[in-house]
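>>> Need a 3D model of the following:
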Amino acid sequence: MISQKRQKFLLDVMHEIDMLKLHATDAEKAKLNFYEFDYDSPTRCIYGQLTGKCASPRAKELMGVACIRVMHLDKGISSVANVEIDDEKFTINGEYTGQTWDGTKWSIRNYSYLSALEAYIATKDAKNADVIAYIKGEIETLEL
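Numbering: from 1, shown residues only. The predicted model follows:
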């Protein structure tokens, strides 16, 4: 049986995925490629593939419309197995989330805070091929 916290986490992940599907341009979605996907790469993760780098201004913009929860990870993505799911709602739209972006070019991110989707794609049972296919419109439904 799935815990309530895990269920809420997956709902937040699904919301973020749906919002990326809605707000990413067709050109951005066309860049998604499961065979080049690497959740630990700033250029080959979901936001990295969509925008060129997950610390880009466009990635920040997409996170602002898609992300409703951030995960605090003491050691960045390598500690995703020990992720704690906060009960509060956070966004990455200029409000404080713990996430820091350096300067006006948003060139450096503090990877101690990841969006729910960024945390999900690093988990052992993540359905990353399906996530990518769903965002691209290649499949109509997605079950996490």
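
>>> CA only for contacts and neighbour counts going forward, please
OK.

>>> Counting by contacts, list what the longest helix anywhere in the chain packs against.
Assignment by DSSP state H gives helix 4-23 as the longest helix of the chain. For helix 4-23, the packing partners by 3 or more CA pairs under 8 Å, 6 or more residues apart in numbering; DSSP states H and E come out as helix 57-66, helix 116-120, helix 128-136.

>>> What is the first one packed up against?
Spelled out, that is helix 57-66. Here helix 57-66 touches helix 4-23, helix 46-51, going by 3+ CA pairs under 8 Å, 6+ apart.

>>> Figure out which of those is closest to Tyr134.
Among these, helix 4-23 comes nearest to Tyr134, with 7.7 Å by CA to CA.

>>> In the closest one, which of the residues would be classed as buried?
Phe9, Leu10, Asp12, Val13, Met14, His15, Glu16, Ile17, Asp18, Met19, Leu20, Lys21 (16 or more other CA atoms under 10 Å).

>>> Packing partners of the helix or strand just after that helix?
Sequence order places helix 26-30 as the next helix or strand after helix 4-23, per DSSP states H and E. Under the contact definition 3+ CA pairs under 8 Å, 6+ apart, helix 26-30 sits against helix 46-51, helix 128-136.

>>> Out of these, which gets nearest to Gln4?
Nearest of the helices and strands packed on helix 26-30 to Gln4, taken as CA to CA: helix 128-136 at 21.9 Å.

>>> got any ranges where the chain has weak pLDDT?
Residue ranges of the chain with pLDDT under 70: 1-2, 72-112.

>>> follow-up on the earlier one: how about the helices and strands packed on helix 26-30 in a markdown table, adding mean neighbour count and distance to Glu118?
Listed next are those as a markdown table, based on neighbours: other CA atoms under 10 Å; distance: least, CA to CA, whole Å:
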| stretch | mean neighbour count | distance to Glu118 |
| --- | --- | --- |
| helix 46-51 | 26 | 8 |
| helix 128-136 | 20 | 11 |
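
>>> Those helices into CSV, with extra columns for distance to Ala66?
Shown next, in CSV, are the helices and strands packed on helix 26-30 (distance: least, CA to CA, whole Å):
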stretch, distance to Ala66
helix 46-51, 11
helix 128-136, 12
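
>>> on that earlier part again, can you put the helices and strands packed on helix 4-23 in a markdown table and add distance to Lys29?
Converted to a markdown table, those look like this (distance: least, CA to CA, whole Å):
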| stretch | distance to Lys29 |
| --- | --- |
| helix 57-66 | 12 |
| helix 116-120 | 16 |
| helix 128-136 | 5 |
